[in-house]
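Peer 1: predicted model and sequence below, questions to follow.
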Amino acid sequence: MRIGGEVKKPYGNPREWLLLIKELNYSAVHAPIGYEADDDLKRAYIECAKDNNILIGEVGVWRNPISLDKIEAKRNIEYCKERLALADELKANCCVNITGSRGEIWDGFYKENYDEDVYTLIVDTTRDIIDSVNPKYTFYTLEPMPWMIPDSPDSYLKLIKDIDRKAFGVHLDFTNMINSPIRFLKSEEFIEECFKKLGPYTKSIHAKDVIMEKAYPCVIKELMPGKGKLNYRRIVHLIDKLGEDIPVFVEHLNTHEEYLEASSFIRQVARNEGISVI
């Protein structure tokens with residue numbers, strides 16, 4: 001198993017970056033550099049990662065390619081293509097985005113997110129991104145969200161079938177799909193379903209935790225791993241079955257120290273369960 005997360009402290013070169021990675025004890029990382037960087041600098045980061053057995057696990061996009069604003073949508077699609085090209089150049093496991101929303105907030109919840117014509121737009125847009133780059137080493141993936149597709153293992157499988165591209169893979173964020181009381185109360189069964197159905201296609205994982213509060217009608221909150229109710233003793237075994245080079249990233253934390261705490265928790269649970277952590 002490889003564990004990583006964001007690097008919150010600034011760095012200016014591969015040496016400074018590496019010192020922070022070692023301080024956090026990461027063996028998987030997000031892309032340390034942007035598309036616009038010159039070839040020599042990109043090569044320096046790639047060689048630094050390779051020499052220190054660090055996996056570049058994902059390149060994030062986090063833009064809305066199906067924006068209602070056609071100019072913005074076009075600009076965001078081009079950015080998706082740039083990031084996918086960067087992921088391929090870095091030989092990252094994947095490039096990850098969300099499908100996007102049909103409202104003012106790029107990752108917001110709108111009923112139009114589930115319209116049939118929007119589904120068709122998502123499929124066509126994702127195909128265009130992949131076909132324009134034609135990646136050889138990486139995969140374009142979509143992070144599941146609570147209020148847009150894919151929001152379940154089955155909806156992700158449908159996307160895989162309909163997009164029908166070899167370079168389309170799965171970014172598995174099981175926590176984001178715990179969006180109802182029944183999924184929270186039966187989280188162990190639901191997470192096992194996620195891994196059973198999506199495991200063969202998974203290129204990267206986000207690991208978080210959740211709690212549900214007794215409030216009406218329903219309040220489910222995200223927490224760092226170990227602070228909620230998810231059974232990480234079981235989760236690390238499910239991750240381990242996918243192979244040692246599937247990166248597990250902690251996220252949505254505020255400080256260097258929080259990232260260290262969250263990643264250390266997963267690492268310790270895995271080791272207590274007899275699972276090798278690179």
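Peer 2: Looks like it came in fine. Numbering: from 1, shown residues only.

Peer 1: all the strands of the stretch 51-200 of the chain, in order from the start?
Peer 2: 55-60, 94-97, 140-142, 168-172 (DSSP state E, counting those that start in this stretch).

Peer 1: show me where the chain has helices.
Peer 2: Ranges of helices in the chain, per DSSP state H, are 14-24, 39-51, 70-90, 116-133, 153-163, 181-185, 187-198, 232-240, 256-272.

Peer 1: tell me the mean pLDDT for the fourth one?
Peer 2: It stands for helix 116-133. Computed over helix 116-133, the mean pLDDT rounds to 98.

Peer 1: so which residues make contact with it?
Peer 2: Residues from elsewhere that reach helix 116-133, judged by C-beta atoms under 8 Å, 6 or more residues apart in numbering: 65-66, 77, 80-81, 84-85, 88, 99-100, 102, 112, 140, 142, 149, 159, 162-165, 167-168. The way it works is simple: take the backbone N, C-alpha and C, and place the C-beta from them, glycine included.

Peer 1: which residues does Met148 form a beta bridge with?
Peer 2: Residues in a beta bridge with Met148, per DSSP bridges, are Met145.

Peer 1: which residues touch it?
Peer 2: Counting by C-beta under 8 Å, 6+ apart, the residues that Met148 touches are 98-101, 107, 109, 113-114.

Peer 1: same deal with Val248?
Peer 2: Taking C-beta under 8 Å, 6+ apart as the test, what Val248 contacts is 1-4, 28, 205-207, 239, 266.

Peer 1: which pair of these spans the longest distance?
Peer 2: Greatest spatial distance among these (C-beta to C-beta): Met1 and His206, at 14.2 Å.

Peer 1: of the contacts of helix 116-133, just the buried ones, ChimeraX syntax please.
Peer 2: Selecting only the buried entries of the contacts of helix 116-133 in ChimeraX, with 16 or more other C-beta atoms under 10 Å as the criterion:
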select :65,66,77,80,81,84,85,88,99,100,102,140,142,149,159,163,165,167,168
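
Peer 1: can you tell me how far the residue located most distally from the centre of the chain is from Ala85?
Peer 2: Distance from the C-alpha centroid of the chain, by C-alpha atoms, centre = their mean, peaks at Tyr216 (30.2 Å). Distance of Tyr216 to Ala85, given as C-beta to C-beta, to the nearest Å: 47 Å.

Peer 1: for Tyr201, same thing?
Peer 2: Taking C-beta to C-beta, one finds Tyr201 at 22 Å from Ala85.

Peer 1: so Ile149 sits against Asn113, correct?
Peer 2: Yes: contact between Ile149 and Asn113 holds when scored by C-beta atoms under 8 Å: they sit 7.3 Å apart.

Peer 1: between these two, which contacts overlap?
Peer 2: Thr99.

Peer 1: hang on, the earlier thing: can you list the contacts of Met148 in JSON lines and add distance to Lys229?
Peer 2: Shown next, in JSON lines, are these (distance: C-beta to C-beta, whole Å):
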{"residue": "Ile98", "distance to Lys229": "25"}
{"residue": "Thr99", "distance to Lys229": "28"}
{"residue": "Gly100", "distance to Lys229": "30"}
{"residue": "Ser101", "distance to Lys229": "28"}
{"residue": "Asp107", "distance to Lys229": "24"}
{"residue": "Phe109", "distance to Lys229": "23"}
{"residue": "Asn113", "distance to Lys229": "28"}
{"residue": "Tyr114", "distance to Lys229": "28"}
